[in-house]
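Below are the sequence and a predicted model for it; my questions follow.
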Amino acid sequence: MSKGHEFAKLYLDPTACDGHGFCAEVIPDLIGLDEWDYPVLHSGGLATDVPDHLVKDAKRAIAACPVNALRMEKKD
């Protein structure tokens, strides 16, 4: 059994987002763009689990967001 990563849930705040789209470029496995080029999580909600192998990319996406519309938290 593999140990889970410390940070495993990615949250999108659509009210903070300005639609730059950097996040979707950095982590296309979890984030796409809608018809207005605003990010949407492939999970269909405002939060998604981040697989261990994508945590580094998720951190890069968070850092790339100029309006801090993404955050990551530890699993419950």
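Cool, got the structure. Numbers count the residues shown, from 1 in each chain.

So for the lengthiest helix in the chain, what gets flagged as buried?
Scanning the chain for the helix with the most residues, using DSSP state H, yields helix 55-64. The neighbour-count check on helix 55-64 (16 or more other CB atoms under 10 Å) flags 55, 57-59, 61-62 as buried. The way it works is simple: take the backbone N, C-alpha and C, and place the C-beta from them, glycine included.

Out of the residues you listed, which is nearest to residue 36?
Checking these against residue 36 with CB to CB, the nearest one is residue 61 at 19.0 Å.

Give me the pLDDT for that closest one.
Looking at residue 61, its pLDDT is 97.

Name the next helix or strand downstream of the longest helix of the chain, please.
Reading on from helix 55-64 to the C-terminus, the next helix or strand found by DSSP states H and E is strand 70-74.

Remind me what that next one packs against, helices and strands.
Applying 3 or more CB pairs under 8 Å, 6 or more residues apart in numbering; DSSP states H and E, one finds that strand 70-74 contacts strand 7-12, helix 55-64.

State the number of residues packed around residue 54.
Close neighbours of residue 54, defined as other CB atoms under 10 Å, add up to 18.
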